[in-house]
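Peer 1: Have a look at this prediction, sequence included:
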Amino acid sequence: AVMPIAAVAEAKHDADAELSTLLRDFVAPLQGILLVVVGICGAVQSGEAVCLAPHAWRTSEAKLSAAVGGRRVMLINDFEAVGLALPQLRAHRVISAKSSDTDVDVMGTEATQES
């Protein structure tokens, strides 16, 4: 299951507590979840993450693991998360942006129903 939680990055209050709550509420009803992977805006090192934009905040795999009932949590950079997801992207969700010099494939942004 995938849950976009971009709203957390916009929070002006305790983003770490908000992320913990969102993860807990999302993961709690799911059965058989052994690993929760979270793409974080910013540097991730040794299980710790620092996000500087738009407001500086920190989190850790240990803190988020506690929020999701002890399940293993892995923090990765958000750009790494996108890179890992691209091979799973369905062809109908890719838009070819054409210019006179180059062709660029980008992820679709329209909210379409998955088929």
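Peer 2: Okay, I see it. Numbering: from 1, shown residues only.
Peer 1: In this protein, mark out all the strands, start to finish.
Peer 2: All strands of the chain, identified by DSSP state E, fall at 35-40, 43-45, 48-51, 57-60, 72-77, 94-98, 103-107.
Peer 1: Can you list the strands that the first one pairs with?
Peer 2: Under the criterion DSSP bridges, strand 35-40 sits next to strand 72-77 (parallel) in its sheet.
Peer 1: Any buried residues in the partner strand, and which?
Peer 2: 73, 75 (16 or more other CB atoms under 10 Å). All C-beta atoms are positioned from the backbone trio N, CA, C, and that covers glycine.
Peer 1: okay, the strands of the chain in a markdown table with mean pLDDT and distance to Asp16 next?
Peer 2: Converted to a markdown table, these look like this (pLDDT from 0 to 100; distance: least, CB to CB, whole Å):
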| stretch | mean pLDDT | distance to Asp16 |
| --- | --- | --- |
| strand 35-40 | 89 | 11 |
| strand 43-45 | 91 | 14 |
| strand 48-51 | 87 | 9 |
| strand 57-60 | 87 | 5 |
| strand 72-77 | 93 | 12 |
| strand 94-98 | 65 | 34 |
| strand 103-107 | 50 | 28 |
